[in-house]
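Participant: next come a sequence and a model predicted from it.
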Number of protein chains: 2
Amino acid sequence: MAIIVKKFGGTSVGSTELIQNIARKTAQETRAEDSLVLVVSAMAKTTDELMRLAHGISEHPSRRELDMLLTAGERISMSLLSLALQNEGFDSISFTGSQSGIITDTRHGNARILDVNAFRINQELEKGKIVIVAGFQGVSQAKEITTLGRGGSDTSAVALACYLQAGRCEIFTDVAGVCTADPRLVPNARLLPRIDYAQMLALAYSGSKVMHPRAVEFASKYQIPVEVKSSFTFAPGTLIHTYNSAKGNLMEERNITAIAHKEDLIRFELARDAKLGGLLEAWNNEIFKYAVKEDSIELMIEGKYATDAAHLLQQHGIEPLAREEKIGYVTLVGLGINLDPGFLARTLKICADLRLRRVQHSDMTIELMLPSDQVRDCVLKLHTAFIGDEP
Amino acid sequence: MAIIVKKFGGTSVGSTELIQNIARKTAQETRAEDSLVLVVSAMAKTTDELMRLAHGISEHPSRRELDMLLTAGERISMSLLSLALQNEGFDSISFTGSQSGIITDTRHGNARILDVNAFRINQELEKGKIVIVAGFQGVSQAKEITTLGRGGSDTSAVALACYLQAGRCEIFTDVAGVCTADPRLVPNARLLPRIDYAQMLALAYSGSKVMHPRAVEFASKYQIPVEVKSSFTFAPGTLIHTYNSAKGNLMEERNITAIAHKEDLIRFELARDAKLGGLLEAWNNEIFKYAVKEDSIELMIEGKYATDAAHLLQQHGIEPLAREEKIGYVTLVGLGINLDPGFLARTLKICADLRLRRVQHSDMTIELMLPSDQVRDCVLKLHTAFIGDEP
């Protein structure tokens, strides 16, 4: 029995038509010997809508009740998909995160997976059913319903693939896969047929939205090969795995694999004092970057978290020393690029007419900070120079 | 036929006694069905001595002639090891890098491997011989003798292991393997029995001297499992590979795996102007870190490269805006540690009485810059807090 885990994100199940499309396409490509587990997110906008409802009632709703509310989202999508599959003649059954055996800690809204015990899924697969699982959800050791926070549904899918020893884990999304740059910025960006975990992780941390770093980490840690592909076309996408480059030519080559970017960041500069520890411990949103300097700490967060951040700073009695909007980052990812300072030299030359405010690096990245409105130009220039625009 | 590649570094072949010890230990553990390829560095201090001789003759000797000179170093160690093995009753033969088919580009002193064509090694192995290979050397496409620069011998060994499809690649060195911290600083540091490529790469870039990042990258790219172990004891060391954590408990845990450090760095601050590109292209030493700021670029290099760097700056007519000595770095390495700001909060608390001048991060590191003389204290404190001092 070859088990295949397929995960469909919010935009992929964003309407009943899209859900029917998934059921149809799944029907077409499924072979008799395949056992299917379909992990679904809530329909796009459902979670936002539920959040809006909750905030209409309470400014700071309890996380425990919010989890109860939000998990309704996947209940809707999973049951609709099950119905659509039954219409296609399949025998299917949907499970919540709790029924699926996703065991988490008790951090409501941002729970981490402690264990997976998906024996009920196995039982249903053995009966020949397609199992639909609510992503993003779990049940805590205290038997409370939890949500996994950002990147949760992808992480659910990867964790289940690992537990079930699935032959394949496919993450269906609204893009074709992982490209050499975001195709919305670079029309000539090319789909990468494959990428290794470490470079994918660097891309995910640097702004590539294709897969959340958390899910990439889980996949990397347990060596789950993941294919990211389009839920509209079902065409082959990008395989993320440990890869064995062709051994014909053992070159020490150093190339830029892909370029990630991030726009519209907000920078907070805070005094380094005793209150900082409490703030960081309580911080619930993603910090895109941080840097601690002699007397201050700088937090770079996405514009959409601005209100949350302001509230949290107020709670901890912290008045920012500075606040700046519209910051952008462009990151070159490639193995070995920092063993050769020539890459930095070329980057500075290519970007000579842009306002590069900072350039930093890690082992496989060169990271540029610049005004948000120069990001597009920067990515285009670097893509042309380092990757090339030939189709 | 199981091929095993074993590499012995400069300190491991530092005397005839040590070479005889290697021959003896190798004799003891070799089974009849094993085919051995032994890659050796020059005896410790030989390279420095040859460099000293060259610099006694010319202040800036030609790189081509320097390569000719330096490659004599491995000739000495490889032939001595071959003799010692013959004394132990083995049939052995030694090859230069060129004879071994290590094809490189033409960058003398810092050549990169373009291809490996080690058919002569295969022929000798088939005759039942132990093959000893000079690490660090190659031959360019222009038929000139080249040296591979820093990390070269480890890279030779890994490249040969890949070409020969070796079952095992062992890097013998003067430490027990990869530890949770440098045992010279942390007496309770523990040997890591295994570590994955990505974390090893982060450690190597952050100052762990066990294996050069270049060789880790090569191993990672071509998926060569490498064991780092002691050339004195031959005891089991650390296996560097893609690892499959036990799948019993699918936890999203986030831990510090190990702590690397770097002492005695020099910081140069240079104006961002047109001359910078030429400098970077010509830069031949390792840059530990760089950071480009609004108007300046900062290069952080090891103290030992100070003279070279000064010469290069002079050549390019660049006068540093600032120069500062005795800088240290301590780096925490662990998967996922930057998805949880609590790690940063704890780090700041633990180091509250140290002068943390900067803290930065990449996807799997938290990196602290501090005065070089506080590095030991910092590593000890962080090791106690995050890893624990239990044996």
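Facilitator: All right, it came through fine.
Participant: flag every residue of the stretch 51-200 of chain A that's near chain B.
Facilitator: A:112-116, A:155, A:159, A:162-163, A:165, A:196-198 (C-beta under 8 Å from any C-beta of the partner chain). For every residue, glycine as well, the C-beta is placed using N, CA and C.
Participant: residue ranges for the helices of the stretch 51-200 of chain A, please.
Facilitator: Using DSSP state H, counting those that start in this stretch, the helices of the stretch 51-200 of chain A run over A:63-70, A:72-87, A:97-100, A:119-126, A:152-163, A:197-205.
Participant: point out the most buried one among these.
Facilitator: Stretch with highest mean neighbour count among the helices of the stretch 51-200 of chain A: helix A:152-163 (a mean of 28; mean count of other C-beta atoms under 10 Å in any protein chain shown).
Participant: what angle sits between it and helix A:119-126?
Facilitator: 70 degrees (axes from the mean of the first three to the mean of the last three C-alpha atoms, to 10 degrees).
Participant: what comes into contact with helix A:152-163?
Facilitator: The contact list for helix A:152-163 (C-beta atoms under 8 Å, 6 or more residues apart in numbering or on different chains) reads A:3, A:5-7, A:9, A:37, A:39-41, A:97, A:100-102, A:113, A:116-118, A:121, A:133, A:135-138, A:148, A:166, A:168-169, A:171, A:211-212, A:214-215, A:218-219, A:222, A:224, A:226, B:247, B:250, B:252.
Participant: in the stretch 201-350 of chain A, which spans are strands?
Facilitator: Assigned by DSSP state E, counting those that start in this stretch, the stretch 201-350 of chain A shows strands spanning A:226-230, A:238-241, A:258-271, A:289-292, A:296-302, A:322-333.
Participant: let me have these in TSV, extended by mean neighbour count, mean pLDDT and distance to chain B.
Facilitator: Shown next, in TSV, are the strands of the stretch 201-350 of chain A (neighbours: other C-beta atoms under 10 Å in any protein chain shown; pLDDT from 0 to 100; distance: least, C-beta to the nearest C-beta, whole Å):
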stretch	mean neighbour count	mean pLDDT	distance to chain B
strand A:226-230	22	96	15
strand A:238-241	23	94	10
strand A:258-271	21	96	12
strand A:289-292	22	93	3
strand A:296-302	19	94	8
strand A:322-333	20	97	10
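Participant: present those as a markdown table; the columns should include distance to residue A:179.
Facilitator: Shown next, in a markdown table, are the strands of the stretch 201-350 of chain A (distance: least, C-beta to C-beta, whole Å):
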| stretch | distance to residue A:179 |
| --- | --- |
| strand A:226-230 | 10 |
| strand A:238-241 | 8 |
| strand A:258-271 | 7 |
| strand A:289-292 | 23 |
| strand A:296-302 | 21 |
| strand A:322-333 | 12 |
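Participant: re the thing from before, got a quick ChimeraX command for the buried subset of the contacts of helix A:152-163?
Facilitator: Buried members of these can be picked out in ChimeraX with the line below, counting by 16 or more other C-beta atoms under 10 Å in any protein chain shown:
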select /A:3,5,6,7,9,37,39,40,41,97,100,101,102,113,116,118,121,133,135,136,137,138,148,166,168,169,171,211,212,214,215,218,219,222,224,226 /B:250,252
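Participant: which residues touch residue A:354?
Facilitator: So residue A:354 contacts A:370, A:374, A:377, A:378, A:381 (C-beta under 8 Å, 6+ apart).
Participant: just put those in TSV and tack on neighbour count, distance to chain B and secondary structure.
Facilitator: Below are the contacts of residue A:354 laid out as TSV (neighbours: other C-beta atoms under 10 Å in any protein chain shown; distance: C-beta to the nearest C-beta, whole Å; DSSP: H, G, I helix; E, B strand; the rest coil):
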residue	neighbour count	distance to chain B	secondary structure
A:370	21	11	strand
A:374	20	14	helix
A:377	15	18	helix
A:378	24	14	helix
A:381	18	16	helix
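Participant: now those in JSON lines, with pLDDT?
Facilitator: Shown next, in JSON lines, are these (pLDDT from 0 to 100):
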{"residue": "A:370", "pLDDT": "97"}
{"residue": "A:374", "pLDDT": "98"}
{"residue": "A:377", "pLDDT": "97"}
{"residue": "A:378", "pLDDT": "98"}
{"residue": "A:381", "pLDDT": "97"}
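Participant: may I ask which two of these are separated the most?
Facilitator: A:370 and A:381 (11.4 Å; C-beta to C-beta).
Participant: intersection of neighbour lists for those two?
Facilitator: In contact with both residue A:370 and residue A:381: A:351, A:354, using C-beta under 8 Å, 6+ apart.
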